[in-house]
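Trainee: dropping the sequence and predicted coords here.
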Amino acid sequence: MSPMSDRPTVPTFLYGTAWKEERTAALTELALRSGFRGIDTANQRRHYFEAGVGEGLAAAYRAGVVTRADLFLQTKFTYQRGQDHRLPYDPAASLADQVAQSLASSLEHLGTDHIDSFVLHGPESGYGWTDPDGEVWEAMRCERDAGRTRRLGVSNVALGHLEQMEAEGAELPEFVQNRCFARTGWDRQVRAFCRERKIVYQGFSLLTANPEVMQHPPFIELAAKVNATPAQVVFSFALAIGILPLTGTSSAEHMQQDLASLQITIPDHLVRAIESMAG
Ligand SMILES: NC(=O)c1ccc[n+]([C@@H]2O[C@H](COP(=O)([O-])OP(=O)(O)OC[C@H]3O[C@@H](n4cnc5c(N)ncnc54)[C@H](OP(=O)(O)O)[C@@H]3O)[C@@H](O)[C@H]2O)c1
């Protein structure tokens, strides 16, 4: 296991690099120039251009904006089912080898010898933690123990996956990254499981998954009261209930606004009201 000193603090906001294609490098660099220090990507060419993220990082290093040590870099292992033909591993290899090949390719894309978080993009089945998941998780632990990632996470999990991992005595993740729908109380059950075990809950699609909240008149009034945009209120609310938010913005102005939402304080009673607004 890596010494604690090698484990940088987890930032309070992550910049998400999905669906940026040929703009990935420029937007990654812009996010760093804007002040983001956490970058989320995946070795899944279908939705992410990880090599473009690496180009953006390199440009920011060259310009003296940041150094590698300032950053929290997170990427993911994606099963073949979630990929297109541009695979970062040999599909005939064992799952353990696919994990090792995927991470080796990520390190090359990102121009680093280690990442800060390696996430299982999604379990093999929506209905439980399967033997293949166990094999992949074990291989991810080996990568962590070899120092190629500092921490491990899982994504797109239901409470049942986490409970099963725990019941089977599997090492629990340090991160859970889920799509966060207001109608499920903002993933209330999974968040509670994480809170009790000190797992950091990362929430994505906070804006795109919740248009009904952002268009809800009392929510818009609340935003006006705290002098913020509805998007900013979603992010500062997320922080207030212990979520580490991701933003996928492609706009320089929204990058600034998203980071500024860290400074907005929503009174407790309004936090509770938003928490139960839709679920
Ligand atoms: N683990 C997974 O399976 C998974 C799945 C999906 C996403 N993710 C990660 O999460 C990241 C974010 O996902 P997402 O793109 O769905 O998230 P999102 O941040 O909820 O959605 C991005 C959208 O919100 C808009 N936006 C952002 N900030 C805004 C602001 N201040 N005001 C108004 N609109 C704003 C953006 O428009 P503008 O571009 O115009 O700002 C864009 O249309 C992804 O890039 C990826 O890294 C992970």
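Mentor: Perfect, I can see it now.
Trainee: ok but Arg150 is inside a helix, no?
Mentor: No: the assignment for Arg150, made by DSSP: H, G, I helix; E, B strand; the rest coil, is strand rather than a helix.
Trainee: okay, now it: neighbour count?
Mentor: 22 (other C-beta atoms under 10 Å). In short, each C-beta sits where N, CA and C put it, glycine included.
Trainee: for it, give its distance to the ligand.
Mentor: Using C-beta to the nearest ligand atom, to the nearest Å, one gets 19 Å for the distance from Arg150 to the ligand.
Trainee: quick one: pLDDT of that residue?
Mentor: Turning to Arg150, the model gives it a pLDDT of 98.
Trainee: repeat for the one 3 residues further on
Mentor: Gly153 is assigned a predicted lDDT (pLDDT) of 99.
Trainee: and it, what does it touch?
Mentor: Shown in contact with Gly153 (C-beta atoms under 8 Å, 6 or more residues apart in numbering): Gln74, Ser117, Phe118, Val119, Leu120, Pro173, Glu174, Phe175, Val176, Gln177, Gln202.
Trainee: got it, and Gly52?
Mentor: By C-beta under 8 Å, 6+ apart, the neighbours of Gly52 are Thr17, Lys20, Glu21, Glu22, Thr24, Ala25, Thr28.
Trainee: again, only using 10 Å
Mentor: Residues counted as contacts of Gly52 (C-beta atoms under 10 Å, 6 or more residues apart in numbering) are Thr17, Lys20, Glu21, Glu22, Arg23, Thr24, Ala25, Ala26, Leu27, Thr28, Thr41, His109.
Trainee: what about the third one, neighbour count?
Mentor: Glu21 has 11 neighbouring residues, counting by other C-beta under 10 Å.
Trainee: now, which of the contacts of Gly52 sits nearest Ala252?
Mentor: Leu27 (9.2 Å; C-beta to C-beta).
Trainee: in which helix or strand does the closest one reside?
Mentor: Here Leu27, judged by DSSP states H and E, is contained in helix 24-34.
Trainee: Trp19 reaches Ala42, doesn't it?
Mentor: No: assessed by C-beta atoms under 10 Å, Trp19 is found out of contact with Ala42, at 11.2 Å.
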